[in-house]
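Chemist: The following block contains a protein sequence and its predicted model.
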Amino acid sequence: MPHAPARSGPLKVAEIPRPTGPGKFEIVRVDGGGFRIRMLDGNGAVLALSRDYPDIAAAVEGVEAVRECAAAAHISDETGRSPAPESLTPPRP
């Protein structure tokens, strides 16, 4: 499935492509050991990238935690706050 081309800057709501199918979680290996979770939308675009997990079982537990949390999560507008420090930003794969 083709991915949308990368671009800089935020997308306008009307520009966000609607998923063509269900999303999925991928568990991938991390250089140096461990695993990470990628959450993809139905078009294959990465929506979120997790922290590192020591083993697959822990990564699966992470997926379950995200599913439970997201099902009842509320949207909190934090746009008036300062950006998170760089140390809180997950590393790029």
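Modeler: In hand now; what should we look at?
Chemist: In space, what's closest to the residue nearest the centre of the chain - neighbours in sequence excluded?
Modeler: By C-alpha atoms, centre = their mean, the mean C-alpha position of the chain lies nearest to Ala48, the distance being 0.7 Å. Spatial nearest neighbour of Ala48, excluding adjacent residues (C-beta to C-beta, 6 or more residues apart in numbering): Met39 at 4.2 Å. To be clear about C-beta, it is placed using only N, CA and C from the backbone, and glycine gets the same treatment.
Chemist: three-state assignment of the one you found?
Modeler: The three-state assignment at Met39 reads strand, by DSSP: H, G, I helix; E, B strand; the rest coil.
Chemist: What backbone torsions are found at Ala70?
Modeler: Torsion angles at Ala70 (phi, psi; degrees, to the nearest 10) stand at phi -70, psi -30.
Chemist: Give me the local confidence score for it.
Modeler: For Ala70, the pLDDT comes out at 89.
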